[in-house]
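Student: here are the coordinates; sequence isn't available:
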């Protein structure tokens with residue numbers, strides 16, 4: 001079937017229809033946190049981490065960035081514009097080819113979760129994708145600005161610096177570090193120095209420490225999975241109450257060390273493979289895998305970061321034999337895991353059990369293995385010209 005640009009538009013329409021009831025019923029709780037932080041950034045920055053609907057787990061520079069929402073007349077306006085902007089970002093990711101559309105369809109469930117709660121992951125992913133497009137097109141200044149922005153929004157996109165270092169891409173690395181330096185200085189310019197330093201080096205780290213490592217079933221990190229099995233503590237199986245899956249009680253330090261070794265090991269293998277292939281699409285994929293494998297907080301919406309490797313696999317699946325057979329069936333199994341584990345199909349309790357077993361993490365590892373086995377160099381660059 002010939003590709004038509006009507007298909008991604010249809011995807012956005014369907015997502016909009018699915019989102020509308022949740023848009024009307026819920027109040028985008030995460031976006032409300034960002035909106036409130038932006039309010040305080042302009043009026044009373046000392047309250048950014050102390051007066052919020054929920055914990056604000058982002059650097060103070062992010063609060064300054066979210067303050068742009070204050071130009072809108074009201075919270076309802078901000079929420080509506082945010083949703084429209086997110087749908088436009090999804091359209092851009094799905095635009096251009098069957099592979100782009102297929103990769104987007106496979107993470108539709110995670111798109112919907114991000115949209116429902118008003119989360120920032122889609123913005124971070126889009127900036128990362130666009131940043132690597134600029135790298136491909138040898139535009140170091142916009143690339144550096146975008147990559148630095150993602151780090152201030154989410155911190156863990158600092159993994160994007162690894163391929164820049166390994167490839168000795170000092171132009172993009174230099175511009176990224178320059179914008180990071182300017183970003184670090186920004187609160188010192190906007191606010192009083194003592195307040196800015198306290199927000200960056202005291203309040204922000206304290207918020208992260210206060211959050212800790214949630215064990216309830218939504219957390220899909222390697223650390224959370226190991227602690228459920230070997231930590232000796234009960235945890236909340238979402239919608240099903242408290243449960244205890246302890247197989248063997250191990251010291252917390254040993255569990256943390258094991259998760260760190262596993263996460264860094266998988267991330268290191270990914271960066272090594274990307275280095276061998278020498279494609280910006282692989283560099284971006286390796287950085288996204290690192291975010292998922294190293295972080296101690298990996299909520300289900302984070303799995304939109306599988307878009308770059310899914311795009312490579314989708315290109316491989318639509319290329320030629322023998323690659324397409326393996327990639328096609330990998331994508332089919334992944335789709336079954338991502339969608340088939342939803343409570344809509346399994347019920348709340350069974351779906352929560354699958355979440356507790358980190359089904360989304362295992363699905364990501366499946367994609368990692370499949371991405372590792374891509375052999376056709378023609379599929380290695382998923383980015384488009386900006």
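Tutor: Looks like it arrived, so ask away. Just so it is clear, the structure is predicted and the values come from calculations on it, not from any experiment.

Student: and residue 151, how many neighbours does it have?
Tutor: 22 (other CB atoms under 10 Å). For the C-beta atoms, the positions are set from N, CA and C on the backbone; glycine is no exception.

Student: Which helix or which strand is home to it?
Tutor: helix 140-154 (DSSP states H and E).

Student: Need the residue closest to the centroid of the protein.
Tutor: Centroid-nearest residue in the chain: residue 302, 3.8 Å away (criterion: CA atoms, centre = their mean).

Student: I figured it hits residue 289, correct?
Tutor: No. With contact defined as CB atoms under 8 Å, residue 302 does not count as touching residue 289 (11.6 Å).

Student: in the helix holding residue 151, what's buried?
Tutor: 140, 142-154 (16 or more other CB atoms under 10 Å).

Student: Helix, strand, or coil at the residue lying closest to residue 187 once chain neighbours are set aside?
Tutor: In this structure, residue 187 finds its nearest non-sequential neighbour in residue 196, 3.7 Å apart by CB to CB, 6 or more residues apart in numbering. Put simply, residue 196 is helix when judged by DSSP: H, G, I helix; E, B strand; the rest coil.

Student: how close does residue 196 get to residue 250?
Tutor: 41 Å (CB to CB, to the nearest Å).

Student: So which of these two has more stuff around it?
Tutor: residue 196 (19 against 16).

Student: just to revisit the earlier point, can you give me the mean pLDDT across the helix holding residue 151?
Tutor: Average pLDDT, helix 140-154: 96.

Student: cool, stretch 293-300 as well?
Tutor: Mean predicted confidence for stretch 293-300 is 94.

Student: which residues touch it?
Tutor: Residues outside stretch 293-300 that contact it (CB atoms under 8 Å, 6 or more residues apart in numbering): 110, 113, 156, 159, 211, 213-214, 218-224, 259-260, 262-264, 266-267, 270, 292, 302, 355, 360-361.

Student: and whichever helix or strand residue 111 is part of, which residues are buried?
Tutor: Under the criterion of DSSP H and E, residue 111 resides in helix 108-117. Going by neighbour count (16+ other CB under 10 Å), the buried part of helix 108-117 is 108, 109, 110, 111, 113, 114, 115, 116, 117.

Student: Phi and psi next, for residue 373.
Tutor: Phi and psi for residue 373, reported as degrees, to the nearest 10, are phi -90, psi 0.

Student: who touches it in this structure?
Tutor: By CB under 8 Å, 6+ apart, the neighbours of residue 373 are residue 326.

Student: how near is it to residue 316?
Tutor: 9 Å.

Student: Go ahead and confirm residue 288 touches residue 128.
Tutor: Yes. Assessed by CB under 8 Å, residue 288 is found in contact with residue 128 at 7.5 Å.

Student: So between those two, which is more surrounded?
Tutor: residue 288 (28 against 25).

Student: mind listing what that one touches?
Tutor: Counted by CB under 8 Å, 6+ apart, residue 288 has contacts 125, 128, 305, 306, 307, 308, 309.

Student: what's the helix or strand for the nearest residue to the third one once chain neighbours are set aside?
Tutor: In this structure, residue 305 finds its nearest non-sequential neighbour in residue 288, 4.1 Å apart by CB to CB, 6+ apart. With the criterion set as DSSP H and E, the secondary-structure element containing residue 288 is helix 280-294.

Student: measure the residue nearest to residue 187 to residue 184 for me?
Tutor: Distance from residue 196 to residue 184, by CB to CB: 10 Å.

Student: same deal with residue 215?
Tutor: 33 Å.

Student: between those two, which one's more packed in?
Tutor: Neighbour tally, residue 215 and residue 184, criterion other CB under 10 Å: the higher count belongs to residue 215, 19 against 15.

Student: What mean pLDDT does the helix or strand residue 126 falls within get?
Tutor: Residue 126 is part of helix 121-136, with elements assigned from DSSP H and E. Mean pLDDT, computed over helix 121-136, is 96.

Student: which other helices and strands contact that helix?
Tutor: helix 75-94, helix 108-117, helix 140-154, helix 280-294, helix 307-317 (3 or more CB pairs under 8 Å, 6 or more residues apart in numbering; DSSP states H and E).
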